[in-house]
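K.L.:
take this sequence and fold it.
(chains A, B, C and D)
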Protein chains: 2
Amino acid sequence: MLTPTAVSHSTLHRSNHTLPVPPRTATRCSVCAMRHLCMPQGLTLDDLPRLEAVICSARSVRRGETVYRAGDPFDNLYVARSGSLKTVMAHRDGRQQVTGLRLAGDPLGFDGISTGFHTCSAIALEDSSVCIIPYQALKHLCRETGALQDRMHRLMSEQLIRESSQMMVLGSLSADERVAAFLLDVSERNGQRGYSHAEFNLRMTREDMGSYLGMTLETVSRTLSRFQKRGLIDAQGKLIKIIDLEGLRHV
Amino acid sequence: MLTPTAVSHSTLHRSNHTLPVPPRTATRCSVCAMRHLCMPQGLTLDDLPRLEAVICSARSVRRGETVYRAGDPFDNLYVARSGSLKTVMAHRDGRQQVTGLRLAGDPLGFDGISTGFHTCSAIALEDSSVCIIPYQALKHLCRETGALQDRMHRLMSEQLIRESSQMMVLGSLSADERVAAFLLDVSERNGQRGYSHAEFNLRMTREDMGSYLGMTLETVSRTLSRFQKRGLIDAQGKLIKIIDLEGLRHV
DNA sequence: CGATCTGTTGAATGGTATCAATCGCGGTGG
DNA sequence: CCACCGCGATTGATACCATTCAACAGATCG
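P.N.:
Coordinates of the predicted model:
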């Protein structure tokens, strides 16, 4: 396991998904960062110091490194603070599949609560940083602060809905529809974070996308090319511009 | 919305998935039922009366009826008490997909917490009954009783893992593998409930299975037929016997 | 007992995977 | 500085698995 390290903001702020947080050199998350990124929406100001005491540190992960691995004992939840990560689940025969894409602000690690061990791995798609939230401490705070309990439940419920939706993508949509749905999802989430709906740097490889969407990397590539020829998008490798949002919605 | 009605145990006990609960005529869940079915594992005996006050009633749903519908305001969680249900999610274009199968003891309704409205529907696959757990009351009780909070978190986390696993089934497995994985999953869950691993009455139609597994009902039927010819199972319509468990695991 | 729903099976089509070749880019080291 | 290497991405040709369309059989229910 890696130990928490200081966050280098000079590199963080070059990242595509870093939220507009004032540069700081401290390891501890700033309150203003937490307000956006972590769990406290709906809390009163009185609650913030207590929460700050729980979210004790940030940790930076380099591209390709894991925040946690399937099988690791579960101690902490995390919140992506900058950058982006994928969650990956492995079948016993070795095949593995990308089960999620996490952007800045997204929570990570709920899968460990059930058994006390993580069942999937979280891997950084680019140099990223995550807030570390010790679960036991958070649990205790939830019992004192109803708003935090609410937020915790809502975050897990949101994740459940997200996964149900992805099940529908995988089970019911054609390859074209899957890719379109994925691009629209990323576009929307980018917009929610204050970035452009229309242009983003998608750090996943074609293989990651294929794995997430239940198809081969070749089919992903072909589909993107076809979308480009149809004037729906402009894809230069990982840099994706959405040209015809409505068009994408209708295929 | 239907109102809670008395549970008819005479019909319940004919159901395949009814747990061995002593017959009772009261609408209120008995403690012994809750101990198995609902949320209280890990609670002290002192906590039970308080929980009993929250889980105020049961409701019976006939085959094909819904416990809740996508779009309904969210007020209650539910626990399947007898019978079995499917959860269904709809795409905006009308296509819909089965996202889950719930057997006796499984929780229902977490999807509503996030927005205050349900995003999927829960439909009884046979005449069934569910415990009704008012969410607000449960939330308050969670703040008083740490063990209940724990259980709540674990149940949601379990559900997350279940959905991730299903994403992997849908994204990575062939039709044969999907059907085999599904049969093994149902077999295991049946076993956990004290029923036979080897023989069960699967109340889903071939179409439901196909929807859940991301394939057509014809392919499900063909696959089951092929499994039968290979001596892996014996399927007479909805009654399924698993003959070669290991064989199923290896395709 | 007819009507409708569910399940099975067959034949033909088509979408996606597979296999393979090539290209482009970034990093590395001569 | 540039050649080389490796990885990621693109594109093509072919094969195959699952869908689609269709007919029919069996169950269930009013």
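K.L.:
what parts of the stretch 101-250 of chain A come near chain B?
P.N.:
By Cβ under 8 Å from any Cβ of the partner chain, the residues of the stretch 101-250 of chain A that approach chain B are A:110-114, A:119-120, A:139, A:142-143, A:146, A:149-150, A:152-154, A:156-161, A:163-168, A:170-172, A:211-214. No exception for glycine: its C-beta is placed from N, CA and C like everyone else's.
K.L.:
using the three-state scheme, assign A:T87.
P.N.:
Here A:T87 takes the strand state, with states given by DSSP: H, G, I helix; E, B strand; the rest coil.
K.L.:
that one - how many residues pack around it?
P.N.:
Close neighbours of A:T87, defined as other Cβ atoms under 10 Å in any protein chain shown, add up to 25.
K.L.:
strands - which of the residues of the stretch 101-250 of chain A next to chain B land there?
P.N.:
Among these, none falls in strands (DSSP state E).
K.L.:
now which of these would you call buried?
P.N.:
Buried members of these, scored by 16 or more other Cβ atoms under 10 Å in any protein chain shown, are A:110-114, A:119-120, A:139, A:142, A:146, A:149-150, A:152-154, A:156-161, A:163-168, A:170-172, A:211-214.
K.L.:
now do the same contact list for A:D244.
P.N.:
Listed by Cβ atoms under 8 Å, 6 or more residues apart in numbering or on different chains, the contact set of A:D244 reads A:G231, A:L232, A:I233.
K.L.:
same thing but at 6 Å, please
P.N.:
Going by Cβ atoms under 6 Å, 6 or more residues apart in numbering or on different chains, A:D244 touches A:L232.
K.L.:
just A:S128 next, same as before
P.N.:
Counted by Cβ under 6 Å, 6+ apart, A:S128 has contacts A:V61, A:S82, A:G83.
K.L.:
out of the residues you listed, who has the most neighbours?
P.N.:
Sorting these by how many neighbours each has (other Cβ under 10 Å) puts A:S82 first, at 28 neighbours.
K.L.:
quick one: that one from A:E126, how far?
P.N.:
A:S82 sits 9 Å away from A:E126, going by Cβ to Cβ, to the nearest Å.
K.L.:
same deal with A:G112?
P.N.:
Counting by Cβ to Cβ, the gap from A:G112 to A:E126 is 23 Å.
K.L.:
ditto for A:E218
P.N.:
24 Å.
K.L.:
for the two, indicate the residue with more neighbours.
P.N.:
Using other Cβ under 10 Å, the more surrounded residue of A:E218 and A:E126 is A:E126, with 20 against 11.
K.L.:
quick check: that one vs DNA strand C, distance?
P.N.:
12 Å (Cβ to the nearest atom of the strand, to the nearest Å).
K.L.:
that residue reaches A:L85, doesn't it?
P.N.:
No: contact criterion Cβ atoms under 6 Å: A:E126 and A:L85 do not qualify, at 8.7 Å.
K.L.:
which regions of chain A sit below the pLDDT cut-off?
P.N.:
Counting by pLDDT under 70, chain A contains low-confidence ranges at A:1-54, A:56.
K.L.:
now the closest residue in space to A:L125 that isn't next to it in sequence: which helix or strand?
P.N.:
Closest residue to A:L125 apart from its sequence neighbours, by Cβ to Cβ, 6 or more residues apart in numbering or on different chains: A:R203 at 3.8 Å. For A:R203, there is no helix or strand it lies in under DSSP states H and E.
K.L.:
what's the local residue count around A:R203?
P.N.:
A:R203: 21 neighbours (other Cβ under 10 Å).
K.L.:
that one reaches A:A124, doesn't it?
P.N.:
No: counting by Cβ under 6 Å, A:R203 does not reach A:A124; the two are 8.9 Å apart.
K.L.:
identify the bridge partners of the closest residue to A:D106 other than its chain neighbours.
P.N.:
Computed as Cβ to Cβ, 6+ apart, the closest residue to A:D106 that is not its neighbour in sequence is A:A80, at 5.0 Å. Beta bridges link A:A80 to A:V130 when assigned by DSSP bridges.
K.L.:
how close does A:E126 sit to A:K86?
P.N.:
11 Å.
K.L.:
can you check A:G171 too?
P.N.:
Per Cβ to Cβ, A:G171 is found 21 Å from A:K86.
K.L.:
and for A:I123?
P.N.:
Distance from A:I123 to A:K86, by Cβ to Cβ: 5 Å.
K.L.:
and for A:D75?
P.N.:
To A:K86, A:D75 is 21 Å away according to Cβ to Cβ.
K.L.:
those two - which one has more neighbours?
P.N.:
Between A:D75 and A:K86, counted using other Cβ under 10 Å, A:K86 has the larger neighbour count: 22 against 16.
K.L.:
isn't the more buried one up against A:T99?
P.N.:
No: taking contacts as Cβ under 6 Å, A:K86 lies outside contact range of A:T99: 8.1 Å.
K.L.:
need the contact list for the most centrally placed residue in chain A.
P.N.:
Nearest to the geometric centre of chain A sits A:R102, at 0.9 Å (Cα atoms, centre = their mean). Residues counted as contacts of A:R102 (Cβ under 6 Å, 6+ apart) are A:A80, A:L85, A:L108.
K.L.:
burial measure for the first one, as a count.
P.N.:
When counting by other Cβ under 10 Å, one arrives at 25 neighbours for A:A80.
K.L.:
could you check how far it is from A:A58?
P.N.:
For A:A80, the distance to A:A58 equals 11 Å [Cβ to Cβ].
K.L.:
common neighbours of the two, please.
P.N.:
Going by Cβ under 6 Å, 6+ apart, no residue sits against A:A80 while also sitting against A:A58.
K.L.:
how far away is the residue lying closest to A:R81 once chain neighbours are set aside from chain B?
P.N.:
Closest residue to A:R81 apart from its sequence neighbours, by Cβ to Cβ, 6+ apart: A:S129 at 4.6 Å. A:S129 sits 24 Å away from chain B, going by Cβ to the nearest Cβ, to the nearest Å.
K.L.:
what's the answer for A:R62, then?
P.N.:
Look at A:R62 and chain B: by Cβ to the nearest Cβ, they are 25 Å apart.
K.L.:
that residue touches A:E126, doesn't it?
P.N.:
No: here A:R62 does not reach A:E126: they are 8.8 Å apart, not a contact under Cβ under 6 Å.
K.L.:
can you pull out the helices in the stretch 51-200 of chain A?
P.N.:
Per DSSP state H, counting those that start in this stretch, the stretch 51-200 of chain A carries helices over the ranges A:135-144, A:146-172, A:175-192.
K.L.:
report the buried residues of the shortest one.
P.N.:
In this case it means helix A:135-144. A:Y135, A:A137, A:L138, A:K139, A:L141, A:C142.
K.L.:
out of the residues you listed, who's nearest DNA strand D?
P.N.:
Within these, the smallest distance to DNA strand D is 32.5 Å, found for A:Y135 (Cβ to the nearest atom of the strand).
K.L.:
residues touching that closest one, list them.
P.N.:
Residues touching A:Y135, when contacts are defined by Cβ under 6 Å, 6+ apart, comprise A:L77.
K.L.:
let's see it at 8 Å
P.N.:
Applying Cβ under 8 Å, 6+ apart, we find A:Y135 in contact with A:F74, A:D75, A:N76, A:L77, A:G109, A:G112, A:I113.
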